[in-house]
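**Q** Fold the stuff below for me.
(2 chains)
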Amino acid sequence: MLRRIVNAIEILAALGAIVFVVMLFANEPGGGSAAPSSPAGLFAANCARCHGARGEGAIGPQLAHKVAKKYPNVADEIAVVTNGISDGGMPAWRGTLTAEQIRQVVQYTRTGL
Amino acid sequence: MRTSSGGLMATAAVPQPKTSVTRTLVAILLTGAAVSVGLGVYANEHTPTGEKPYDLFFSTTINLKVWFATAVIVLACIQVLLALRLYGKVHWPARAPAWLGDAHRLVGIVAFGLSLPIAYHCLWSLGWQSTTTRVVIHSLLGCIFYGAFTVKVLCVRVHSLPGWALPVAGGVVFAVLVGLFLTSSVWFFTDRPPGIPLY
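**A** Below you'll find the model as predicted:
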């Protein structure tokens, strides 16, 4: 009896694995079409994974409607993005993004989210 | 296999040509490697969505993943203990119940099922990451895990392999899983940024 149940669950798990693969390729989000070089695209490609697709926060803190209040001076936010926060989980983005890209994405977090 | 007298002979007594066994092993390893590389390529090429597609009763998808991963590692530990009893490496209970093998399978299947929503979010929403050492190791182990799991499942299904193949494959899967747990859930429990809820 247990073996039959296990066999049935195994088939379900195999179906789950198939659905998993199909979903990876079939489930493109509506907001994923931003050009990678645009500020929105830069945010989606580099920041959204921690701060959420709309900057609402996830493993990283919420940015939308908050970051400009936390850093009234835009240069302070640029410094954080450039150099990271060593004990806060925020990586340094210099070397990955150019200074201009960092400036663009910072501006996007302040006015585009 | 049946003997000339009509009795059943243990399958282990059927000698396999060494080259055939080696080829089978290589084919299994290549299949696992293909799965790992395929996932790695997808994670690297797919533009991460940053979406949080499900959270059930948790605060966010990240919290769901952390606790699902914890459940997976607990189930994996149970599976290792069951495997040790199946192989006679531990002797409790003194008489192994007949359902032990099925229980081992069931625990593994449930653990695999719980891992899928975790992996889906990692691949589809986060993608390959290289911003810190932790996330590089986690990305790498995540891709290796499903390749190693594929190898393990194939080692179960292919009966002509040497006796050490299945325990080694299972051990590798478990070791990779522990690495994944350390670089995700344990990090979350101990070092998550302030203000992020536990559940």
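**Q** can you tell me the residue of chain A closest to chain B?
**A** Chain B sits closest to residue A:48 of chain A, with a gap of 2.5 Å, by Cβ to the nearest Cβ. Glycine gets a C-beta too; all of them are placed from N, C-alpha and C.
**Q** Spatially nearest residue to that residue, not counting backbone neighbours?
**A** Leaving out its chain neighbours, the residue that sits closest to residue A:48 by Cβ to Cβ, 6 or more residues apart in numbering or on different chains is residue B:50, at 2.5 Å.
**Q** Just to check, the one you found is in contact with residue A:46?
**A** No: applying Cβ atoms under 8 Å as the test, residue B:50 and residue A:46 come out as separate, 9.6 Å apart.
**Q** neighbours of residue A:24, just the number please.
**A** For residue A:24, the neighbour count with other Cβ atoms under 10 Å in any protein chain shown is 16.
**Q** and it, what element?
**A** helix A:2-26 (DSSP states H and E).
**Q** Would you mind identifying the next helix or strand past that helix?
**A** Next element after helix A:2-26 (DSSP H and E): helix A:39-46.
**Q** Wondering if stretch B:166-185 reaches chain A at all.
**A** No: counting by Cβ under 8 Å from any Cβ of the partner chain, no contacts exist between stretch B:166-185 and chain A, the nearest distance being 10.3 Å.
**Q** Tabulate the CA atom coordinates of that stretch in PDB.
**A** Extracted C-alpha coordinates of stretch B:166-185, given in PDB (Å, rounded to 0.1, in the frame of the first residue of the first chain):
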ATOM      1  CA  LEU B 166      24.700   5.000  -5.000                       C
ATOM      2  CA  PRO B 167      26.100   5.800  -1.500                       C
ATOM      3  CA  VAL B 168      28.700   8.100  -3.000                       C
ATOM      4  CA  ALA B 169      26.000   9.900  -5.200                       C
ATOM      5  CA  GLY B 170      23.700  10.200  -2.200                       C
ATOM      6  CA  GLY B 171      26.500  11.500  -0.100                       C
ATOM      7  CA  VAL B 172      27.400  14.100  -2.700                       C
ATOM      8  CA  VAL B 173      23.800  15.300  -2.900                       C
ATOM      9  CA  PHE B 174      23.600  15.600   0.900                       C
ATOM     10  CA  ALA B 175      27.000  17.500   1.100                       C
ATOM     11  CA  VAL B 176      25.900  19.900  -1.600                       C
ATOM     12  CA  LEU B 177      22.600  20.400   0.100                       C
ATOM     13  CA  VAL B 178      24.300  21.200   3.400                       C
ATOM     14  CA  GLY B 179      26.400  23.800   1.500                       C
ATOM     15  CA  LEU B 180      23.300  25.300   0.000                       C
ATOM     16  CA  PHE B 181      21.700  25.500   3.400                       C
ATOM     17  CA  LEU B 182      24.700  27.100   5.000                       C
ATOM     18  CA  THR B 183      24.900  29.800   2.300                       C
ATOM     19  CA  SER B 184      21.200  30.600   2.400                       C
ATOM     20  CA  SER B 185      19.000  29.800   5.400                       C
END
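**Q** Touching it from outside, list them.
**A** Outside stretch B:166-185, the residues that touch it by Cβ atoms under 8 Å, 6 or more residues apart in numbering or on different chains are B:65-67, B:69-70, B:72-73, B:76, B:79-80, B:83, B:87, B:134-135, B:137-138, B:141-142, B:144-145, B:148-149, B:151-152, B:155-156.
**Q** Kindly report the same for stretch B:106-117.
**A** Counting contacts by Cβ under 8 Å, 6+ apart, the residues outside stretch B:106-117 that touch it are A:2, A:5-6, A:9-10, A:12-13, A:16-17, A:20, B:54, B:64-65, B:68-69, B:71-72, B:75-76, B:78-79, B:82, B:145, B:149.
**Q** And these, which of them are buried?
**A** Using 16 or more other Cβ atoms under 10 Å in any protein chain shown as the burial test, those include A:6, A:10, A:13, A:17, A:20, B:64-65, B:68-69, B:72, B:75-76, B:78-79, B:82, B:145, B:149 as buried.
**Q** by how many degrees do the one helix or strand residue A:104 maps to and helix A:39-46 diverge?
**A** Assigned by DSSP H and E, residue A:104 belongs to helix A:99-111. Angle, helix A:99-111 to helix A:39-46, by axes from the mean of the first three to the mean of the last three Cα atoms, to 10 degrees: 100 degrees.
**Q** for chain B, longest helix please?
**A** helix B:18-45 (DSSP state H).
**Q** Quick check: next helix or strand after it?
**A** Next helix or strand after helix B:18-45 toward the C-terminus (DSSP H and E): helix B:61-86.
**Q** just checking, next helix/strand downstream of that following helix?
**A** Moving toward the C-terminus from helix B:61-86, the next helix or strand (DSSP H and E) is helix B:100-120.
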